[in-house]
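Enquirer: Model the following, please.
(2 chains, ligands or ions: 2)
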Amino acid sequence: MSVKVVIIGAGHGGVQAAASLREEGFEGEMVLISEENDLPYQKPPLSKGYLQGKQSEEAILFRSPHFFQNHQIDLRLGVNIAQLDTEGQLVITKEGETIDYTHLILATGATNRKLTMEGAADVLYLRTLADAKAIAHRLDTARKIAIIGGGFIGLELAALAQEKCKEVSVIEAQSRLMERVLPAVISDVFQKTHEECGVQVHLNALTKSIENHCIITKEGKKIEADLILAGIGVIPETSLAEEAGIACENGILVNEFQQTSVANIYAIGDCANHYNAFAQKRIRLESVQNAVDQAKTAVNHVLGKTQPYHAVPWFWTNQYHLKLQMAGISAGFDRYVLRGDVDADKFSVYYFQENRLIAVDSLNRPADHLNARKLLAAQISPTDAQIGDLNVNLNQLLG
Amino acid sequence: MPKVIYIENNGTEHQVDLPLGATLMEGAVQNDIKGIVAECGGSCMCATCHIYVDEQFMGLLPEMEEEENEMLEGATAERMSNSRLGCQVRISNKLDGVIVRIPEKQ
Ligand SMILES: Cc1cc2nc3c(=O)[nH]c(=O)nc-3n(C[C@H](O)[C@H](O)[C@H](O)COP(=O)(O)OP(=O)(O)OC[C@H]3O[C@@H](n4cnc5c(N)ncnc54)[C@H](O)[C@@H]3O)c2cc1C
Ligand code: FES
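Expert: Ligands and ions are numbered 1, 2, ... in the order given. Now for the predicted structure:
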């Protein structure tokens, strides 16, 4: 039987899988399904250039409309898949239409975690272009904006709202901004910058209820706002897989080739729980890098080439003049070494675990970041002295 | 609309019209030019939109910011005097007819 690939989800993973299949010479049938009505677009700019008004809707599309036609990619927009039939090798739409496959790629991403407390119905979240449009519309007229969650997306929203001269507050339950993934030396720079720009940062503040445009925290603080946004994490979209009996645990479980517990069904991107060599454990990653590289891994396997997933994780965030680029996974570090000038907001943090370099975060030091990705891929650990000395060009260690 | 001539690494030439204000990276991606990856979508974060701009147009380009300069240092293909990041160069009427070569690797 000839190979027919069906891809569910046309975000970073799904679109990359479709493009890679053709780049790698696949000539068979391919269907790319998205429940969204918009042409496939990139998500990172939503909380950056798009809502800032610097990038248009066209500028954030992955590809032109012709691309899908020219490459015989049967793109079905506005189609929700309700069920999988793994025995019959069919996906079933909400309307009951069936589409057959020999290989299925689940690139279903994640959905936003929502607040459930009283008064939370009015809160807006950001995941899709449709969400961004709804926020843009409200942002125009809002004066006071409160953002629940001091993670990447919440803080990017805070920065762009502040730049639009709004009164902005951020409400974070932890004791630092982006505490889960960053050390104090970096979170502190972000907090200082937000505060200097006029954002009210409330730490150790747990939202208890929302009444009449006012957030009330467990500690009794009251924060008024005419627009409330929240960025409090995501839940992997695993419902199709779970209902079909595919093994899931904090995401869809996959092997090093992105195969799920059903051999001709793959999962990639935000929804895939994989063993990550850089984290040295099973994790889910929510990043463009991970979605793109896992798409390539799955495609290779579909086409009979076995190249296990082994890519250096990387991620970025943009807030005001602060550009943070992260390479590797720093969780579990036992010490770090600094390079550059902390007071000038221009430094990198090199994380070690048992004297092995495991991650590097670079703030306004893009060359360090690109070098770090190469060091991590090659498993080269610079010495403390080399890191500390700006006269040492770390690219020389790469030979 | 200003014209851009993209030359892929294997020599394939594409002449395309770009709307004013589009970046050379967007022009390449939207017109299916091979060899531009643009993983970060134009945020100057990934250095996978590296291009070589024909020397005769170099003087007409917008000036390079320090961050682009630093990113280019880490680009995969060799950096040359006419290297730029495609996402940092917006097309203008001055640049009509600009020739853009795509490196071998990103
Ligand atoms: C605002 C924002 C900013 C971000 N910024 C960055 C950043 O700066 N850097 C970075 O690396 N990452 C960033 N990310 C994360 C990054 O965008 C994600 O990791 C990436 O989109 C994951 O790709 P994916 O293909 O796994 O899922 P997604 O891109 O989420 O795509 C999944 C698609 O599947 C569709 N779908 C799901 N179920 C079904 C179904 N049953 N039927 C049909 N369609 C379905 C969904 O509607 C969606 O369109 C950001 C994310 C957001 C939301
Ligand atoms: S697109 Fe990433 S640096 Fe240009």
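Enquirer: Mind checking the pLDDT average for stretch A:277-287?
Expert: Taken as a whole, stretch A:277-287 carries a mean pLDDT of 97.
Enquirer: for stretch A:94-103, same thing?
Expert: Mean pLDDT, computed over stretch A:94-103, is 98.
Enquirer: Report the buried residues of that stretch.
Expert: A:99, A:101, A:103 (16 or more other C-beta atoms under 10 Å in any protein chain shown). Glycine gets a C-beta too; all of them are placed from N, C-alpha and C.
Enquirer: residue ranges for the helices of chain A, please.
Expert: For chain A, applying DSSP state H gives helices covering A:12-23, A:49-52, A:65-70, A:129-141, A:152-163, A:184-196, A:239-243, A:288-302, A:366-378, A:384-388.
Enquirer: So is the third one next to chain B?
Expert: Looking back up the chat, that one is helix A:65-70. Yes - using C-beta under 8 Å from any C-beta of the partner chain, helix A:65-70 comes into contact with chain B via A:66, A:67, A:70.
Enquirer: of all the residues you listed, which comes closest to chain B?
Expert: For the residues of helix A:65-70 next to chain B, the residue nearest chain B by C-beta to the nearest C-beta is residue A:67; the value is 5.6 Å.
Enquirer: Assess the claim that the closest one and residue B:32 are in contact.
Expert: Yes - assessed by C-beta atoms under 8 Å, residue A:67 is found in contact with residue B:32 at 5.6 Å.
Enquirer: between the two, who's got more neighbours?
Expert: In terms of neighbours (other C-beta atoms under 10 Å in any protein chain shown), residue A:67 is the more surrounded of residue A:67 and residue B:32; the figures are 22 against 16.
Enquirer: which bits of chain B sit near ligand 2?
Expert: Residues of chain B found near ligand 2 (C-beta under 6 Å from any ligand atom) are B:25, B:38-40, B:42-49, B:85, B:87.
Enquirer: Could you rerun that using 8 Å?
Expert: B:25, B:37-49, B:71, B:85-88 (C-beta under 8 Å from any ligand atom).
Enquirer: and those residues near ligand 1, which?
Expert: Answer for those near ligand 1 (C-beta under 8 Å from any ligand atom): B:40, B:43, B:45.
Enquirer: Tell me how far the last one lies from residue A:88.
Expert: Spelled out, that is residue B:45. Per C-beta to C-beta, to the nearest Å, residue B:45 is found 43 Å from residue A:88.
Enquirer: And the two? Which one has more around it.
Expert: More neighbours surround residue B:45 than the other of residue B:45 and residue A:88, with 26 against 10 (other C-beta under 10 Å).
Enquirer: Quick one: residues contacting residue B:102.
Expert: Shown in contact with residue B:102 (C-beta atoms under 8 Å, 6 or more residues apart in numbering or on different chains): B:6, B:7, B:8, B:9, B:28, B:33, B:34, B:35, B:36, B:51, B:52.
Enquirer: For residue A:23, grab the count of nearby residues.
Expert: Neighbours around residue A:23, by other C-beta under 10 Å: 13.
Enquirer: Next: residue A:136.
Expert: Around residue A:136 there are 13 residues (other C-beta under 10 Å).
Enquirer: OK, contacts around the residue lying closest to residue A:34 once chain neighbours are set aside?
Expert: Leaving aside its sequence neighbours, residue A:34 sits nearest to residue A:10 (C-beta to C-beta, 6 or more residues apart in numbering or on different chains; 3.7 Å). Contacts for residue A:10 (C-beta under 8 Å, 6+ apart) come out as A:18, A:32, A:33, A:34, A:36, A:40, A:75, A:77, A:107.
Enquirer: Out of those residues, which is nearest to ligand 2?
Expert: residue A:40 (16.8 Å; C-beta to the nearest ligand atom).
Enquirer: give the contact list for that closest one.
Expert: A:10, A:11, A:14, A:15, A:34, A:61, A:62, A:63, A:75.
Enquirer: Quickly note the distance from it to ligand 1.
Expert: Distance, residue A:40 to ligand 1, by C-beta to the nearest ligand atom, to the nearest Å: 8 Å.
Enquirer: swap in residue A:162?
Expert: The gap separating residue A:162 from ligand 1 is 17 Å, by C-beta to the nearest ligand atom.
Enquirer: Ok, residue A:73 next?
Expert: 15 Å.
Enquirer: Please name the nearest non-neighbouring residue to residue A:52.
Expert: What sits nearest to residue A:52 in space, not counting adjacent residues and going by C-beta to C-beta, 6+ apart, is residue A:160, at 4.9 Å.
Enquirer: wait, is residue B:52 part of a helix?
Expert: No - read with DSSP: H, G, I helix; E, B strand; the rest coil, residue B:52 is strand and lies in no helix.
Enquirer: so what pLDDT did the residue nearest to it when sequence neighbours are not counted get?
Expert: The spatial neighbour of residue B:52 that comes closest, neighbours along the chain excluded (C-beta to C-beta, 6+ apart), is residue B:101 at 4.2 Å. With respect to pLDDT, residue B:101 has a value of 98.
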